[in-house]
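Student: Structural data only, the sequence is not supplied:
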RNA sequence: GAAGGCAAUCGGAUAGCUGCGUCUUGGAAAGGAAAAUCCAAAGAUGAGGAAAGUCCGGGCUUCACGGAAACAAGAUACCGGAUAACGUCCGGCUGGAGUAAUCCACGGGAAAGCGCCGCAGAAAAUUACCGCCGCGUAUAUCGCGGUAAGGUUGAAAAGGCGAGGUAAGAGCUCACCGCGUGUGCAGUAAUGCGCACGGCAAGGCAAGCCCUAUCUGAUGUAAGACCAAAUUAGGAGAGUUUAAUGUCUUCAUUAAACUGCACGAGGUGUUUCCGACUCGCUCCAGAGGUGGGUCGCACCAGCCAAGCGGUAACGUUUGGUGUAGAUGAAUAGCUAUCGCACAAAAUCUUUGCCGUUGGUGGUAAAGCAAAUUGUGUACAGAACUCGGCUUAUAGAUUGCCUUCAAUU
RNA sequence: GCGCUCUUAGCUCAGCAGGAUAGAGCAACAGCCUUCUAAGCUGUGGGUCGGGCGUUCGAAUCGCCCAGAGCGCG
């Protein structure tokens, strides 16, 4: 993935899951600030497809579709110093691509709004997670 | 033409936009712990028949190697062959299903032993309730004895059936069938066919324990090998020789070596024995690290074609060919067109029927050409690797065979 | 990657070296009791024993093949 860095460690996934979460019909988005970042770093993206969705090739396709959308959107909507985790839902595999893209864009907007406008609550949450 | 059986193959195509992994080449920057890295660069290449389940068998890895015996645990089970091996495959036998092609079968042993066989029934394995017959007495709703033909139960009751025989009966005797033993022929064998004898030898269950024969060490590429970084606290026991340093020497520390002898340690299910071997250090404790990189890792019992041998599985010769290698896990996302399958209504053609003087109209059936619309386009994603098995799978194609029908 | 266990009534569990009516508690429904409710008492219904094939006279139980759920090792 040359376009954007990817989250690989379990610790980061858990931290994102504890922070902000937005659910739409086709996708679920979680996000958290990057920890101990001295310099501004590009946003990192993680993809999750649970075993509940189906067998291996369904999970693979789900992740690929999410990745395809993020590739289009990344430069425009992803804020630096933030970890995003996209979780595939049951409809991610089969829903129309336009719907999936619009849902993800809305989810990104909503999350970014939550991060930028009320910073105090976010800080509390992040410190909680760090502990 | 219809129905069925067996075997084999394929399992979407093209174009556009946006992208990914690996390899090669080139460039860029950084440098010196090993590596890595970057590029709107170029080129090549990139999932399956099951990649799945993990049910078997190999390769390879580490555990110090080989052989023998006993025990334990597990697996397999008609016969012969194929194979690296197998619980797989091929051919045959036996039994069963089907008109047939063909298909199905964990298909050894119950006269080695133990165990189980509910209810019913006299009795579920050394049995006798009702019967039948004889004798006794007093003529029986009695006693003693013989018998197992008949009755009752049940999934199953001590060969079947007919005749002779008898007090009544009984393989008691005989024919046929079944069974067992011996034997001849065919066959490598399982087995088949025939002959003779026995006179029925005491039921079933081994996917209950078990017996017999054969086979099997464990461990799974997160195996394992190496490089780098970081960190720590040592202690106990223990040969010989040489060198260096400290020390006046003994001695201590460090490094290197092991010819012979001795000593110690090392065993892969357990124990024992034999041979050969390896190591000279072994044991205990503690600290750090949370997972960096490289190899293993893609050339094989490889794939394709043709010839030869074999009924076949398969073997062999010659020629050609090189074909994924990720690790939060690439091989794609989206769009358009086409293909394939199924369905639909209308149009068209033919035929029949009805109406009309006629043009022609209505209705029903069949047909297939081109176009239209709708739906569907499966199961499913390599993770060290190979040979199988099992399970999932829209649909398409090919070959051979069987039965039935029609035509010639 | 490798291994193990479980699945029985709406829920939680028994029953499994084969023997037929598959039980128990809670829940549900009905009745009694009470002015009414709860508690209590009495009764009733509810099961393809996860699915399929086999062995057997007979399978929830034994064997094989699947499905689902859970656990462990590294």
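Tutor: Received, thanks. Predicted model, so just to flag it, every value in this text is computed and none were measured.
Student: Which positions in the helix or strand hosting residue A:113 come out as buried?
Tutor: Element membership of residue A:113, judged by DSSP states H and E, is helix A:97-116. For helix A:97-116, the neighbour count (16 or more other Cβ atoms under 10 Å) marks A:100-101, A:103-104, A:107-108, A:111-112, A:114-115 as buried. Where you see a C-beta, it was placed from the backbone N, CA and C, and this is true even at glycine.
Student: quick one: it to chain centroid distance?
Tutor: Put simply, helix A:97-116 sits 10 Å off its chain's centre (Cα atoms, centre = their mean, to the nearest Å).
Student: need the contact list for the residue lying closest to residue A:26 once chain neighbours are set aside.
Tutor: Spatial nearest neighbour of residue A:26, excluding adjacent residues (Cβ to Cβ, 6 or more residues apart in numbering): residue A:103 at 4.6 Å. Residues near residue A:103 by Cβ atoms under 8 Å, 6 or more residues apart in numbering: A:24-27.
Student: In TSV: the buried residues of helix A:97-116, plus pLDDT and distance to RNA strand B.
Tutor: Formatted as TSV, these follow (pLDDT from 0 to 100; distance: Cβ to the nearest atom of the strand, whole Å):
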residue	pLDDT	distance to RNA strand B
A:100	84	8
A:101	84	9
A:103	85	14
A:104	87	12
A:107	87	17
A:108	87	17
A:111	85	18
A:112	84	22
A:114	79	22
A:115	75	21
